[in-house]
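Undergrad: Please work out how this folds:
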Amino acid sequence: MKVARFYAPGDIRIEEAPEPVPGPEEIKIRVHNTSTCGTDLKIFRHGHHHIDPPRVIGHEIAGEIVEVGAEVSGWAPGDRVQVIAAIPCGECAECLRGYQTICPNQLSMGYHFDGGFAEYMIVPRNVLKVDGLNRIPDNVGYAEASVAEPLACVLNGQNFAGVEEGDVVVVVGAGPIGCLHVRLARAKGAGAVYLVDLNRGRLDMAADLVKPDAAICASEVDSVEQVLALTEGRGADLIITAAAAGKTQEDALRMAARRGRISFFGGLPKDNPIIACDSNLVHYRELTIYGANGSSPAHNKQALELIATGAVPVSDLITHRLPLDGVLEAIDIVSSGDAIKVTIEPGLS
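TA: Numbering: from 1, shown residues only. Prediction:
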């Protein structure tokens, strides 16, 4: 079979490999779609401390079961499934409290286990143990199901920070995550959603699809001033920073309404994680800052349901479909910002 393996920063190789054989507590799937994300770009450029190369990467996975281990029950060949990316242990103090997204023993597909940039892959027992293999609803395609993983992360962030009926929500970052945030905020009853990005082309492309109430190009205008003008000086109830830039987090503090909430959804570069926080804004306006880290198995199930019911459409966000040979091209497209969502389909020629 064909796989895309990461060897070192800048070195991903399309190779031939033996088809994997599932152990008694594992499942083998034929991969139909694995979508790409900014994390794949980061791995390509910088590697990752949890990846011991060579490793098949790719963690937004949907496929079809072809073989079930002898000790696995409840699954059969032909079942259509989506695989979680972040795998909690299910046993630590945080997991037992229901905080699976911050499990200190978390493992990940495409990091600790071979991922979805392959024709076939193994779903390990760690995933099955925490109910992390999900049936794809009949009306959802494999490509759409692969987007359930990033939507699950978005769902975690918004559930934690809370979107209330009528809220003014600002989403900073017009990539696929930002687009999903806009659509989920609308599904949760936001009164207005504003989308902010530095890149005019990416902002226009995203805005054409997700139709925010305002699209603000931060390289052309002061985004804080624009949000304050749009809200008659009040500010936004919730600001979601879906961009890996410290300035977006600093600006979020300045555009928040009294009792506003801020979700630091996008992590910052590890060599530059410190921002300037005006503590008096937090103090006098009674602001709340939330983190957001990945998703749980339950979030993935909820995300599939949101896609299946049409509450959060995703099919139009998939702007590029490429064969497995096109993984490097897909990463280039992600890097360019010329796409919303790029998916890899091993069955394409």
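Undergrad: State the distance from His32 to Asn300.
TA: For His32, the distance to Asn300 (C-beta to C-beta, to the nearest Å) stands at 17 Å. Yep, even glycine has a C-beta here, placed from its N, CA and C like the rest.
Undergrad: Neighbour count: the two, which is higher?
TA: Ranked by neighbour count (other C-beta atoms under 10 Å), His32 and Asn300 place Asn300 first, with 27 against 24.
Undergrad: Could you look up the SS state of Ala257?
TA: Following DSSP: H, G, I helix; E, B strand; the rest coil, we place Ala257 in the strand state.
Undergrad: Hmm, Val170 and it touching each other?
TA: No - Ala257 is beyond contact range of Val170, at 10.3 Å (criterion: C-beta atoms under 8 Å).
Undergrad: Show me the strands in the stretch 101-250 of the chain, by range?
TA: Secondary structure of the stretch 101-250 of the chain (DSSP state E, counting those that start in this stretch): strands at 107-108, 120-123, 133-135, 168-172, 192-197, 214-217, 236-241.
Undergrad: among those, which is nearest Ile344?
TA: Smallest distance to Ile344 across those (C-beta to C-beta): 12.4 Å, for strand 120-123.
Undergrad: In terms of pLDDT, where does the spatially closest residue to Leu203 that is not a sequence neighbour sit?
TA: Leaving aside its sequence neighbours, Leu203 sits nearest to Asp197 (C-beta to C-beta, 6 or more residues apart in numbering; 4.1 Å). Note on Asp197: pLDDT of 97.
Undergrad: quick one: Asp197 from Thr241, how far?
TA: When distance is defined by C-beta to C-beta, Asp197 is 12 Å away from Thr241.
Undergrad: anything in contact with each of these two?
TA: Counting by C-beta atoms under 8 Å, 6 or more residues apart in numbering, the common neighbours of Asp197 and Thr241 are 172-173.
Undergrad: For the helix or strand harbouring Arg5, enumerate the helices and strands it packs against.
TA: Secondary structure from DSSP states H and E places Arg5 in strand 2-8. In terms of contacts (3 or more C-beta pairs under 8 Å, 6 or more residues apart in numbering; DSSP states H and E), strand 2-8 is packed against strand 11-16, strand 55-56.
Undergrad: Nearest to Ser315 among the strands of the stretch 101-250 of the chain would be which one?
TA: strand 133-135 (18.1 Å).
Undergrad: who are the neighbours of that closest one, in terms of helices and strands?
TA: Packing partners of strand 133-135 (3+ C-beta pairs under 8 Å, 6+ apart): strand 80-83, helix 297-309.
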